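J.: The sequence isn't on hand, but the structure is:
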Ligand SMILES: [Cu+2]
């Protein structure tokens, strides 16, 4: 394999962590708005030895004093800056009164270093120190977070930036981490309990009103209106329920700062800026754009891709994209990250001068789910596919690597009962679909929207083997009762998925729900089948769109007990499987 070309102007490149460092670089004074800087911004730590202290800290993000969880006093925690090939040692001291853990998201580590309590170790008890130590075998943008309870919602997350051992194929003059998260003044326990009582608790205000109903009846007639609404009534859902926890309780943050705080990054005229977008939120999918500025996506989930020019992209919970921009030197730009339900946004500013900011655009309309998102659902009753696959189906020739699944969709016998509200009847391949709410943007706003189909690895796929078998997993749930599962079986009642060390298989995920499910596989790459087997992009998180299916190839090349789960925090422990490589 040839090495990627070295065209980065490394000597000119500066690694800056936020406005403080950026302004020091340009010799400018401190924070523009010190009164609102309520939580210290993350520092950047380099070297091979890291000391991380997990502790409670008081914060005030909305005018209400609250307790959050910080690492080394900041939220997000420090940016960990590594170099490919290093062996890093991270001593994590737990100053909380409950257990904690840190999971290195997207980092390929030996199983005992992966940080999931119950699977990889027993967690870090109060007052105790745990020493993580592993060799860094990859480069790019990643992040870390607590894998204990709901601590991620309370602030325990941070960025990881890994310089490549060789040259960087991406040219840039400076780079910034843009870490997105969601903050609530409610405790995560309260949010979860609200959802358990009423799964629509945070989106009731989005449901269609009677005024909407009569407007539709007047415009379309009763019959048409009924036809359109019927499935939604049947499913106990609204076609606007694209998110289960919304701006009703959340403030959206960039690097720990609210939209009013306006996290600000500086550039000098003529510079190329690399923005490392990380979605570290608990429950939020963001749609990102920088009005009036072309973005070129150069990396997905830390892996270099063939550059794609876009105006807008969707960032699923857990995903990262690196984007390069070349802003013109005479104005500021707004980094605009709308929550998928349009209940709020995160906002930052990219500017050549501290006193400049740009207009914050209005939010786009609330996305409305349509029949595609339902996978042409019908609920209840036996249907052709509600049975075990026959031997013939199981042995059917698998589609070639890269093309995704051509196997019949089979709903397992366990996919029934009060925990399963819907089953997709004819799920479409979600790989070339921008997703609900974004489909219209190309036409309406002339925006170029990124889809998974645009992701092509910069370097050819390493493993050209065909998948030896296929595993079809259905993401299932009942949103009203807030019950979540895979194939109708929740984690605690499920047996592990066994993979033989060295095998290559296809995993096909079918989303039998109306919510987008970002699925994260620990320890192993998900090689997303975008249609081109030659340049499969390697991901650690794959969004499965409502009523859709998507496939990726997995090499079982890392032994041990790994997690495959929905990255949405309050759905995680239902939509979760242990994947054991033996
Ligand atoms: Cu996880």
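T.: Cool, got the structure. Note that the coordinates shown come from a computational prediction; the quantities given were computed from them, not determined experimentally.

J.: what's near enough to touch the residue nearest the centre of the chain?
T.: Nearest residue to the geometric centre of the chain (CA atoms, centre = their mean): residue 317, 2.2 Å. By CB atoms under 8 Å, 6 or more residues apart in numbering, the residues touching residue 317 are 279, 281, 282, 283, 284, 285, 518, 541, 567, 568. (C-beta placed from N, C-alpha, C; glycine too.)

J.: And residue 75, by the same measure?
T.: Contact analysis of residue 75 by CB under 8 Å, 6+ apart lists 39, 42, 57, 59, 68, 69, 155, 256.

J.: Quick check on these: which are buried?
T.: Among those, those classed as buried by 16 or more other CB atoms under 10 Å are 39, 42, 57, 59, 68, 69, 155, 256.

J.: wait, doesn't the last one sit right on residue 68?
T.: I take that to be residue 256. No. The criterion here is CB atoms under 8 Å, and residue 256 misses it with residue 68 at 9.6 Å.

J.: Which neighbours do those two have in common?
T.: Common neighbours of residue 256 and residue 68 (CB under 8 Å, 6+ apart) are 39, 75.

J.: Excluding residues flanking it in the chain, which one is nearest residue 544?
T.: With sequence-adjacent residues excluded and distances taken as CB to CB, 6 or more residues apart in numbering, residue 544 is closest to residue 511, at 4.3 Å.

J.: what are the bridge partners for that neighbour, then?
T.: Note on residue 511: beta-bridge partners by DSSP bridges are residue 475.

J.: If you tally nearby residues, what's the number for residue 330?
T.: 9 (other CB atoms under 10 Å).

J.: Which helix or strand contains it?
T.: Element membership for residue 330, per DSSP states H and E: none, as it lies in no helix or strand.

J.: That one and residue 156: what is the separation?
T.: 40 Å (CB to CB, to the nearest Å).

J.: Residue 272 contacts residue 324, correct?
T.: Yes. When contacts are counted by CB under 8 Å, residue 272 is listed as touching residue 324 (5.7 Å).

J.: intersection of neighbour lists for the two?
T.: 171, 172.

J.: My understanding was that residue 410 contacts residue 470; is that so?
T.: No. In this structure, residue 410 is not within contact of residue 470 by CB under 8 Å, at 11.1 Å.

J.: where does the chain have low pLDDT?
T.: Low-confidence segments of the chain, defined by pLDDT under 70: 1-38, 205-217, 222-237, 376-396.

J.: now do 80
T.: Where the chain drops to pLDDT under 80, the residues are 1-39, 204-239, 371-372, 374-396.

J.: What segments of it are helices?
T.: In the chain, the segments counted as helices under DSSP state H are 19-26, 188-197, 210-235, 371-374, 391-395, 441-445.

J.: Show me what counts as buried in the second one.
T.: What it means is helix 188-197. 188, 191, 192, 194, 195.

J.: repeat for the fourth one
T.: By 16+ other CB under 10 Å, the buried positions in helix 371-374 come out as 372, 373, 374.

J.: Let's have those in CSV, adding distance to residue 489.
T.: Output for the buried residues of helix 371-374, formatted as CSV (distance: CB to CB, whole Å):
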residue, distance to residue 489
372, 27
373, 24
374, 23
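
J.: which one of the residues you listed is nearest residue 338?
T.: residue 373 (18.4 Å; CB to CB).

J.: hmm, back to that, which one of the contacts of residue 317 sits in the busiest neighbourhood?
T.: residue 281 (30 neighbours).

J.: How much space separates it from residue 465?
T.: To residue 465, residue 281 is 36 Å away according to CB to CB.

J.: before we move on, the earlier item: mind checking which of the contacts of residue 75 are in strands?
T.: Under the assignment DSSP state E, these contribute 57, 59, 68, 69 to strands.

J.: For the closest residue to residue 161 other than its chain neighbours, give its distance to residue 293.
T.: Of all residues not flanking residue 161 in the chain, residue 81 sits nearest, at 5.1 Å (CB to CB, 6+ apart). Distance of residue 81 to residue 293, given as CB to CB: 26 Å.

J.: With residue 566 instead?
T.: Distance from residue 566 to residue 293, by CB to CB: 32 Å.

J.: again with residue 160
T.: Distance from residue 160 to residue 293, by CB to CB: 26 Å.

J.: And those two? Which one has more around it.
T.: residue 160 (24 against 19).

J.: so who does residue 123 touch?
T.: Taking CB under 8 Å, 6+ apart as the test, what residue 123 contacts is 99, 100, 101, 117, 148.
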